[in-house]
Every structure is written in C-alpha cells, then in structure tokens.
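[1] quick one: sequence plus predicted model below, questions after.
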Amino acid sequence: MDPSCFAQIDPLHWLLDMKTFIGEAYHEVKELCIFLLNAGVLPPEKALAVYCQAPGRPFVFCGAIHAARPSAVLSLPWPDPADDAAAGPLQVAVPDAASAKIGVSVEDLAALPPVLDAGAERRVERLALRVGENLFNFMQSFCGVDGSQLVVPMDILDRWFKKFQEKAKKDPTYLKGFAL
C-alpha cells in the first residue's frame, strides 16, 4: 500500500483508518510489513513506531523500524471479535473510535520498549507454552502418584528431548505444528 493511504495528523504522526481500507474485517489483517525506502532519511536516534487500535480501545504498540532495522513484519494484536461481542457494547470515549486504526509515529529509539517487535515476543511465548504442554503430556504417560505429588523417572527430560528430536528429524513439518 502506498504511504499516501495514511492521513498525516502532524509532522510526526500518521493514521490509517482500517474501515476505509478493509471495512469491518480489520481483525483479519494479522500482520503488517513496514520498511524504510531510504534509511538515511530517519536520524539514527529515531524510529518509526507502529501501533494498532481496535474500535473503542487504546492504541497498542506493535513494534518499530529504524536505521539499523529498516524493515519488519509486525503482528497486529487485535482483540478477538468474539470477546468484544461477549462484553457487550463499548462505552467509547475516544473520538472517532468507531473504526480500527493503525498509527505510525516518529519517536526516540531509546524511549521505545526494549523488544521492538511485541508480536514476536507473543509468538515465542505461545511456542514455549506448546512445547511445555508437549513435555507435560509426555511426562503424564510415565508418572505415578505419591500422595499429592506426581513421580516421574529421573531420565524423563532426556527421553522426551530425544523423542522430540527424532520426530523433528523424521518430519520437517513437526516443529511447524508448534508455531501459531
């Protein structure tokens, strides 16, 4: 999409109204690819920060690009529309909050959160959770009960990891099943 799709609010802020771009299906846009065409235009101490805003919600930081990282694919953490429907109508105090928005702003690189891609952090957390669930399920098949404690063999982690590695070697798509 051309940068002219964004409305310039002031010299350092731009907004994309998702309603004019994709209608009410904003939550189907899961990722945003952003890049600097000319990295020299942005001073080294500055960054382009990207935010998303679901209707009636505050802006959420998604990540940033800067001279040392001139491109990124950022996850857009829209809330689940089913959660919004279950919560009932929102009391909107934000002007023009009837549509989702993507905001871009020039900010000090040092002032941004240390993780410049919040979506990547959430993906890593989900991956860790799924690997942990896999380990737990494996351990359950070998455990005994001693009072209120589960008892597993001493070598359970080694056995699980060996099985995990063997499955990954045999099936190249096995590890993709852990990603969300």
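    Good, I have the coordinates. Everything numeric in this text was worked out from a predicted model, so none of it was measured.

[2] the helix or strand encompassing residue 131: what's the following helix or strand?
    Remark: residue 131 resides in helix 118-140, with elements defined by DSSP states H and E. Using DSSP H and E, the next helix or strand after helix 118-140 towards the C-terminus is strand 144-146.

[3] other SSEs contacting that next one?
    Using 3 or more CB pairs under 8 Å, 6 or more residues apart in numbering; DSSP states H and E, the elements in contact with strand 144-146 are strand 149-151. Yep, even glycine has a C-beta here, placed from its N, CA and C like the rest.

[4] test for you: state the pLDDT assigned to residue 40.
    In this model, residue 40 is scored at 73, pLDDT.

[5] so how many other residues sit close to the closest residue to it other than its chain neighbours?
    Sequence neighbours aside, residue 67 is the residue nearest to residue 40 in space, at 7.5 Å (criterion: CB to CB, 6 or more residues apart in numbering). Residues near residue 67, counting by other CB atoms under 10 Å, number 16.

[6] same question for the one 4 residues further on.
    Using other CB under 10 Å, residue 71 has 11 other residues around it.

[7] likewise residue 150?
    12.

[8] what bridges to it?
    residue 145 (DSSP bridges).

[9] and it, how far is that from residue 49?
    Distance of residue 150 to residue 49, computed by CB to CB, to the nearest Å: 46 Å.

[10] re earlier: can you give me how far the helix holding residue 131 is from the chain middle?
    Offset of helix 118-140 from its chain centre (CA atoms, centre = their mean, to the nearest Å): 15 Å.

[11] shift numbering so it begins at 25
    Sure, I'll start numbering at 25, so the last one becomes helix 142-164.

[12] now the element after the lowest-mean-pLDDT helix or strand in the chain, going C-ward?
    Lowest by mean pLDDT, DSSP states H and E among the helices and strands of the chain is helix 105-111, with a mean of 54. Downstream of helix 105-111, the next assigned helix or strand under DSSP H and E is strand 125-132.

[13] confirm that residue 45 sits in a helix.
    Yes - counting by DSSP: H, G, I helix; E, B strand; the rest coil, residue 45 is part of a helix.

[14] can you get me a residue count around it?
    For residue 45, the count of nearby residues is 17 (other CB under 10 Å).

[15] I figured it hits residue 30, correct?
    No - with contact defined as CB atoms under 8 Å, residue 45 does not reach residue 30; the gap is 9.9 Å.

[16] so what sits against both of these two?
    In terms of CB atoms under 8 Å, 6 or more residues apart in numbering, residue 45 and residue 30 are not both contacted by any residue.

[17] what stretches of the chain score poorly on pLDDT?
    25-26, 63, 105-121, 138-145, 203-204 (pLDDT under 70).
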